[in-house]
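**Student:** Fold the following and give me the result.
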Amino acid sequence: MLAVGQRQPAWADAAWADFAKRFPPEMRLELKALKAEARGPGRSVAQCRAAEAARLEAALPKGARRIVLDEGGTRRSTAELAARLRAWRDDGRDAALLIGGADGLDDSLLRNADETLRLSDLTLPHALARVLLAEALYRAWTLLQGHPYHRE
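**Tutor:** The predicted structure follows:
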């Protein structure tokens, strides 16, 4: 997971770490937090998004599947996310989930995405989005394993 924004509340870091440690070595969940572009006079939203996009591009593992989180992304149930997780695993490439900064992701990242994913119809703070995504991925993984964590 690549996310713009380095400072998150301690509770969010702890919750994210708790879910990440539950994954097996062959399905690691890692977070690379990238510096957000400073907002201020003389800096347009487009300029900030472009600078953050450049950081995200530079941090992407070579050949990785790009899954961007976006409010216009595809809604998925847990079972559908589990099916996507299986497909990502079976593809053999790293899967990189991208979370943008305060103003979202640059259009270039959206255009070059392999997939888009929508976490919620609600606007979520970044700290909560990271935790929600980690939990959703863990839940999807347990569903694939036949583990009773997920109940329908």
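
**Student:** any idea how far Thr116 is from Trp11?
**Tutor:** Distance of Thr116 to Trp11, computed by Cβ to Cβ, to the nearest Å: 28 Å. Using the backbone N, CA and C atoms, a C-beta is placed for each residue, glycine as well.

**Student:** what's the answer for Val68, then?
**Tutor:** Between Val68 and Trp11 the computed distance is 26 Å (Cβ to Cβ).

**Student:** who's more crowded, those two?
**Tutor:** Neighbour totals were compared for Val68 and Trp11, and Val68 leads with 24 against 11 (other Cβ atoms under 10 Å).

**Student:** Wait, a strand at the more buried one?
**Tutor:** Yes - Val68: assigned to a strand according to DSSP: H, G, I helix; E, B strand; the rest coil.

**Student:** That one bridge partners, please.
**Tutor:** With DSSP bridges applied, Val68 shows beta-bridge pairing to Leu98, Thr116.

**Student:** hang on, isn't it packed against Arg111?
**Tutor:** No - counting by Cβ atoms under 8 Å, Val68 does not reach Arg111; the two are 9.9 Å apart.

**Student:** neighbouring contacts of the lengthiest helix in the chain?
**Tutor:** If you go by DSSP state H, the chain has its longest helix at helix 126-145. Helix 126-145 is contacted from outside by 1, 3-5, 8-9, 11-12, 15-16, 19-20, 22-23, 27, 29, 31, 69, 78-79, 81-82, 84-86, 97, 99, 102, 119-120, 124, 148-150, using Cβ atoms under 8 Å, 6 or more residues apart in numbering.

**Student:** Among those, which lie within strands?
**Tutor:** Using DSSP state E, the subset of the contacts of helix 126-145 located in strands is 3-4, 69, 97, 99.

**Student:** Show me just the buried residues among those.
**Tutor:** Among those, the ones that count as buried by 16 or more other Cβ atoms under 10 Å are 3-4, 69, 97, 99.
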